[in-house]
Structures are given as C-alpha cells and as structure tokens.
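> take this sequence and fold it.
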Amino acid sequence: MQCRLYCCSSLPIRSIQCVIRLLSSSNGEKALRHTSTENRTAKWHKNGLNRPLLPGKSNFEKRNIFLMGPPGSGKTTVGHELALLMNKPLIDIDNNWLEPRWKTTVASKLLELGDEQFLEAEGRELLAFNHENHIISLTGSNPLHAESMEYISRLGIIVYLDASREAILNRCHKMRVNRIVGQRTKTLNDILASRENVYENSYDIRIIIGKDETQKDIAKKIQNQLQQQSKFYETTRNGYTKNNQQFLDTLQKGLASDGGLFVTRSFSPLALDELQRLVNLSYPEIALRIMERFPLGTFHPSHLRYLLSQAYSTFDKNTLPVRRLRKNQYLIETFHGPTASFKDLSLQLLPRLMQAATELTSNDKTKSNRFGLLVATSGDTGCAVLDAFARLPGTPIVVLYPNTGVSTIQKAQMQTASNDVCVLGVDADFDFCQTMVKDLFNDKSFLADVNQVLPGLHLSSANSINWARFLPQVVFTISSYLQLIEQGVIRLGEQVDVCIPTGNFGNMLGAFYAQQLGLPLRRLITASNENNVITDFIQTGSYDLRNRLFHKTISPSIDILISSNLERFIYLLSKGNFSMVQKLFNKLARDRYFNIDSSLLKQIQSKIQGGWTNENQCIDMIKKVYDETQQLIDPHTAVALHVADSFSKHDNVPMLISATAHYGKFPQTILNAVGSNEQSLSSSNDISALLENLRTLKSTSPMHHELINLPKKSVIHTKIVEATKSAIIKEIKTYLERFSKQ
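Below you'll find the model as predicted:
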C-alpha cells in the first residue's frame, strides 16, 4: 500500500509551481526554488488534487472565478463580459487591487523593484485578497508565485485562457505592453515559452481560445464549461440517479447497480479553431484536452495530466501513428503499446486512474479504499489488463477468457502473466464470459463472500462497460484526424471516413463521440466478421440472437454477439430514453431479441453504416495487401479493409481504418495467408516457431518487440473451468483466499 500511495502522492504536476517559481533577475527570468517549506508544497499539492471544482450550485454561486493566462490573453476584457453574463462584480488585479494599494502604476512598481522583488511584492498583495463571489482577472505573472496561488486556489476556480502564442504576440505588439516581468532582458516569445508549463499546471478549467472568437464568445464558453463540470453521470437504465455519480464513482463501480452502463450527454464541443490548437501536440497532451471536455467532477486535470504521461511512457515514441496503406486508405496503428493491441491505449491508463481514485476517496468512509478487477476477454483485453496492473501491483485480478476462442499468442500472453493473478480459460464463448462478469457484479451473495475474504474490497471492471476504460477511446479518431492534417493529407475542416472492426462497439462509440464533439467525420462504418449481428441490426433494426449461430473465426477479438456499448449508443440517440433502453435490453436478456421502431432506426442509419466479411474474404485481404504493399496486417484489420473497400470504390475521401492489433498476435492466420507451403505446414502451437516463421517473411512491417520476448516467458496459468457459475465462483474464491495471505 505504501508503494501505491507513493505512486499517486509524488506527482510532479500542480506541485511543479509549488517547488519552483520562474523569477526574473539581471539575466532575465530564471527558475528559483520556492522558499516555502516541504510541508507547504505538500499541502498545495494535496489541495490541487482533492479540492472539488464545483461542490454544488449553492457553493458555486459564492465562489470566485479567477481568470488566468499570459499577458494579452484577454483576461480583463473577457472578465468584463463574464461579469455581466454571470451577474458578478469584476476585480482586475492590476487596476483594481495592486495599483490602489501601491498608489502607483504597476509599470512604475516593476521599474522600481526589478523583476524578482516585484514578483514577491505582487504575490504578497494577492495573499491579502479576501473577496468572494467575484470575477477576478489575475496578472500574467501571478501564477509564478506559488504561495499566493495556493491561497487563491482555496477561494475559487482558476480558469486558464489558453490562447495561442502567435495570438498573444500579435495582441501584445498592438497593445505595446510595457509591464511584463522579464521584458527588459528577454523577448516576449521567450517569456511566454518559459511560463507555459506554469500555466498548464495551475488551472482548474481550461478554455481553448480560437482565432476569431470574441470576448463574448469566450465568456459564454467559460459559463458553459463551469456548468458542464457540475454535471453528473447517467445510467442507461435509469438516467440520473439519486446518488449523484461523478467520474470517480463510475471508475470505481464499473457497472451501474441497476445493470446499466454509465454514460454522459454533457460535454463541451470542439470548434475547428480549437481543434487547430491540438495539431502537433503529443498524444498525452491531446488526450488531456479531449478528456477535459467531459465531466471530471472532483478529479483534477493536473492529476490526469500526470497519469496520462505515465501511461503512455510504456508505448513506442509515436503512440498512435497513422500510415498510408494504399489509395485513400490510412491505417490507425493502435498496437504500439506493450501487449500489441488497441486495448493498451485505455488499459495502461486505467490502473493508474483506479489507484488515484483509491487515494482520493480513502478518507470517505462510505467508499471502498481497495479495489479488485473482474474481467472478461475475447483475447486482447485480458493481455492488456494483466500487463498494465502488473506494473502497479497489489490488486487482485480475475480474467475469464474463452478457452478455444483466443489466438495462440493471446493465450500465451495471458498464461505467462505474473503469479498473483487468476487467469481462467472457460469452456464457453466470450459472450458467456461477459454475461458471467455482469451477473457476478450484481450478485449480492457473491460480493458478500468476497468481502469476507478481503474486507473492504470493491470489484470493478476493466472492460469497456467501465466508463473510465471507454473514455480514452474517444481520443483515437481525433488524434488520427490531426495526423492527417500534419501529413498534408487534408486541411482542417475537411471530412474523412472511419471504418472500425467492431465487436463490443467501444471504438465505434468513441468515434461517434468524436463526431459529436465536432470532428468532421462523414461516415462511421462498422466492420463485422461472420458474427455480424451489428451489421444486421443497422440494416433492419432487429437485434436477434434466437436463431443465430456463434462462429469461431480467425478474428476472435470481434467474435461477439452481445455488444455492450450498443446500449450506450441507443441511449444517446434516444436522448436519454432510459425506460426504452431498459425494456430493450431486458427483453434481449429474457427473449434473446429486440426490435426498435422505424424512427430510431432512421437515426441510427443516419449516424453509422455497416458491413461484414467472411473467412475467405479475410484471408484474401491479408494476402492482397501483402502482395500489393509488402505490409502485414492482422485479421481484424483485414475485416475492416474488406468492408472499407466496399464503401470507397469510387471515392477519394480519406478513409481512416483502425488496425486494432499487431499481425504477430495471429501467426497461424498470417502464415496460412501469405507464407510458403513449408511455413504454413509448420504453423503449430509452438509460439517460438510461429514467430520465427513470421520474421522470415519479407515485409515492411517490423515484429513487435514484446512479442519477440514472449517465448522466453514461463507458462503459469493453465486452469480450465467448465461453463457454470458455481465452478467459476469456486475458482475465484480460492484465488482470493490465497491472495489475502500475501
């Protein structure tokens, strides 16, 4: 536990500004360690993480709103508009606080004291600020004084006016500003560059300022963002609940107690000017700005920034590259994480979020301060969960996978996981495993037994039914669109199509949310294998499993008949009609089918389209791509490519295609499709031989470095259980009892 708390409590995020202050000297602004004590730094850090942004409307009405940003970002002019809009008095720190107290102009005081002493004097004056229920325009240099920022952070909400450096330079040039700390010895561009990290680590709410936005536009955005941050999450079966659910609640609970999924219809759209500001940012920085568009409640963005940085440090340098394949088709390579599938992009973050939630709620006696994971996998989720949580040990993990429904490599990745987890092969398909997990989450007797073995343990999910696991998937398509701009393929605002191999509908739902945020997506196309229930549903409005056979295919990660995230999609399109959603999915559980009305079907068909691929077409596509490009693709990507071809035969609009896994995870399929007769015949279950044969193929696609090391690992988890609830519960209890003695 000490290790876990240390991981979360040593964050170099908001506390960066507590540890250092960028001060000016005769040589210009320089970094000096703050004179406050280590305890003060820790206190400021703690406040930054635990302070609720909007603890309730009544309190919100009385809290100050501090506008922060560099010189020329519009703090004063936007402050005037926001004060009118929210009916609050305005205080401009320069004009209405410092100058009356100093009885001289700010420019004169800066000239008199010099940069370093001015910053200290300015900070001391801010420490005397004692108003409430005001709009306050800070100075550009206020954030450089850590002690005063700690103080005002307790008095209100700090809103960062995030304007581009180019816009700031233009405005300051026109305004002929002469009272900027460091201006005598440094260029304004250098000053802005040196302060960016300080601003980034000081805000509660970010407002990205577009090129042509007026002060009224910006003020309205601030008001909307303030309101959005106070929104709670809904469940697909009951809407808003009596117990207001925030982001951290959805994270810890995973599945709602009513059997539905947590979801939100409250988010801040991205205008094209705002989207432009994300071009050329790193993947973690893009992810931060997108996830901030959704209600985070008490979870602070500075905390999220740090966790994103840590999570994606396990990836290749280019976290999510987009590469042209052929014609107008571009692959989103989601497999550059440690287990070689798109699941890493969410699951390297999830354990860090869960540990943060554990620490942040540790003093709340109504909430569990320990969590465990119960996961169903069709292959990739299990691998990614086991790797991610092994990096942050101390969490009991149970993974259920269909014994004959995953690839040889996927099974090897799970069976070679660390010894303190429970990996169970089930003699059933993935839908059984997923249904079993949902059943166990709502089994009070089972949960009581779990708490007898491990008191205070709360079981959560790492599947995309968990909102916190799903949310990072919204970033995939946005990041990919931005890369097409960077590569010169499109210009900002031009439309693209997206095609995604679809099983549980998570990535497609992420693309839909991206579209709703404002991303210019023309067509969203789902691609299914022979388990094509989603394709049929889109075309007919009937979700019917009664006479549908389950097919074990060469693309096992989408061998799914019960698509969980479809429930969220229907809820969103029906504008939160939870009564209808509840009836539909209760009927599916009871009668194995449901039908939607023609109005809802038309809405669905206006948002998404779908197609499917049989086994022979999948094999042929792998070979065709290899012959044409010398590039190897996995079978799920082949499914998407086959469907994409049918939608873009006579179209030059760029098509983003999600390559959801590395080809090395499916060696038998690849060798059978493109290998020589000798290589194909040698395709046994010997993973060392399989991977070696893959490496002998002449290809532009390198082998994944983690897969190369897989044959060296010891097989530990070989337990197979029958497809009954009692057998699975027995194994879970045995594991938890063993875990409790560690």
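> show me the shaky parts of the stretch 1-150 of the chain.
Applying pLDDT under 70 to the stretch 1-150 of the chain picks out residues 1-61.
> make it 90
Low-confidence segments of the stretch 1-150 of the chain, defined by pLDDT under 90: 1-63, 72, 150.
> can you give me the helices for it?
With DSSP state H, counting those that start in this stretch as the criterion, the stretch 1-150 of the chain has helices at 2-9, 16-19, 38-50, 57-62, 75-86, 99-102, 106-113, 115-126, 146-153.
> and what of the stretch 151-300 of the chain?
Per DSSP H, counting those that start in this stretch, the stretch 151-300 of the chain carries helices over the ranges 165-175, 188-200, 215-229, 247-253, 272-276, 283-291.
> now the stretch 501-650 of the chain
All helices of the stretch 501-650 of the chain, identified by DSSP H, counting those that start in this stretch, fall at 506-517, 533-540, 566-573, 578-591, 598-607, 615-629, 635-647.
> just the stretch 351-500 of the chain next, same as before
So, for the stretch 351-500 of the chain - with DSSP H, counting those that start in this stretch - the helices run 380-390, 408-415, 430-441, 444-453, 467-470, 473-486.
> and the second one, what does it pack against?
Contact here means 3 or more Cβ pairs under 8 Å, 6 or more residues apart in numbering; DSSP states H and E; on that basis helix 408-415 packs against helix 380-390, strand 397-402, strand 422-426, helix 667-674, helix 687-696. Every C-beta, even on glycine, is put in place using the N, C-alpha and C of the backbone.
> and the angle for the last one with helix 667-674?
Going back to what we said before, that points to helix 687-696. Interaxial angle, helix 687-696 versus helix 667-674 (axes from the mean of the first three to the mean of the last three Cα atoms, to 10 degrees): 40 degrees.
> tell me the first helix or strand C-terminal of helix 687-696.
Moving toward the C-terminus from helix 687-696, the next helix or strand (DSSP states H and E) is helix 705-709.
> can you tell me what sits against that next one?
Pro338, Thr339, Ala340, Ile409, His662, Gly664, Lys665, Leu691 (Cβ atoms under 8 Å, 6 or more residues apart in numbering).
> what's the mean pLDDT across that helix?
Mean pLDDT, helix 705-709: 93.
> repeat that for stretch 168-180.
If you average the pLDDT values across stretch 168-180, you get 75.
> about what we covered before: in JSON lines, list the helices and strands packed on helix 408-415 along with mean pLDDT and mean neighbour count.
Formatted as JSON lines, those follow (pLDDT from 0 to 100; neighbours: other Cβ atoms under 10 Å):
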{"stretch": "helix 380-390", "mean pLDDT": "91", "mean neighbour count": "26"}
{"stretch": "strand 397-402", "mean pLDDT": "96", "mean neighbour count": "25"}
{"stretch": "strand 422-426", "mean pLDDT": "97", "mean neighbour count": "23"}
{"stretch": "helix 667-674", "mean pLDDT": "94", "mean neighbour count": "23"}
{"stretch": "helix 687-696", "mean pLDDT": "91", "mean neighbour count": "18"}
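> quick check, Phe342 in contact with Lys665.
No. Using Cβ atoms under 8 Å, Phe342 is not in contact with Lys665, being 11.5 Å away.
> for the two, list the residues in contact with both.
Asp380.
> which SS class is Leu656?
strand (DSSP: H, G, I helix; E, B strand; the rest coil).
> now it: how far from Tyr735?
41 Å (Cβ to Cβ, to the nearest Å).
> what is the neighbour count of Asn685?
Asn685: 11 surrounding residues under other Cβ atoms under 10 Å.
> and Val279, by the same measure?
13.
> surely it and Leu482 touch.
Yes. Between Val279 and Leu482 a contact is recorded at 5.3 Å, counting by Cβ under 8 Å.
> export only the CA atoms of the host helix or strand of Leu304, formatted as PDB.
Assessed by DSSP H and E, Leu304 sits inside helix 301-311. Extracted C-alpha coordinates of helix 301-311, given in PDB (Å, rounded to 0.1, in the frame of the first residue of the first chain):
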ATOM      1  CA  PRO A 301      -6.900  17.900 -14.600                       C
ATOM      2  CA  SER A 302      -3.300  18.200 -13.200                       C
ATOM      3  CA  HIS A 303      -3.700  14.700 -11.800                       C
ATOM      4  CA  LEU A 304      -4.900  13.400 -15.100                       C
ATOM      5  CA  ARG A 305      -2.000  15.100 -16.900                       C
ATOM      6  CA  TYR A 306       0.500  13.200 -14.800                       C
ATOM      7  CA  LEU A 307      -1.300   9.800 -15.200                       C
ATOM      8  CA  LEU A 308      -1.500  10.200 -19.000                       C
ATOM      9  CA  SER A 309       2.200  10.900 -19.100                       C
ATOM     10  CA  GLN A 310       3.000   7.800 -17.100                       C
ATOM     11  CA  ALA A 311       0.600   5.600 -19.000                       C
END
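> list the buried residues of that helix.
Pro301, Ser302, His303, Leu304, Arg305, Tyr306, Leu307, Leu308, Ser309, Gln310, Ala311 (16 or more other Cβ atoms under 10 Å).
> now the residue nearest in space to the middle of the chain: how far from Phe432?
For the chain, the residue whose C-alpha lies nearest the mean C-alpha position (Cα atoms, centre = their mean) is Pro472; its distance is 2.0 Å. For Pro472, the distance to Phe432 equals 27 Å [Cβ to Cβ].
> what does Leu270 give?
Separation of Leu270 from Phe432 (Cβ to Cβ) stands at 40 Å.
> same question, Ile716
In terms of Cβ to Cβ, Ile716 sits 24 Å off from Phe432.
> swap in Asp686?
29 Å.
> who has more neighbours out of these two?
Phe432 (19 against 14).
> mind listing what the residue nearest to that one when sequence neighbours are not counted touches?
Closest residue in space to Phe432, ignoring its immediate chain neighbours: Ala723 at 5.6 Å, by Cβ to Cβ, 6 or more residues apart in numbering. Going by Cβ under 8 Å, 6+ apart, Ala723 touches Val426, Asp427, Ala428, Phe432.
> between those residues, which is closest to Lys186?
Val426 (64.1 Å; Cβ to Cβ).
> for the closest one, which residues make a bridge with it?
Val426 has the following beta-bridge partners by DSSP bridges: Pro402, Val721.
> okay, it and Ile732: tell me how far apart.
12 Å.
> give me the below-cutoff pLDDT ranges for the stretch 151-300 of the chain.
154, 167-191, 194, 197, 201, 210-212, 227-231, 241-243, 252-255, 297-298.
> again but with the stretch 601-742 of the chain, I slipped
648-652, 675-686, 698, 701, 741-742.
> got any ranges where the stretch 451-600 of the chain has weak pLDDT?
Ranges of the stretch 451-600 of the chain meeting pLDDT under 90: 456-465.
> tally of neighbours for Asn197?
Neighbours of Asn197 (other Cβ under 10 Å): 13.
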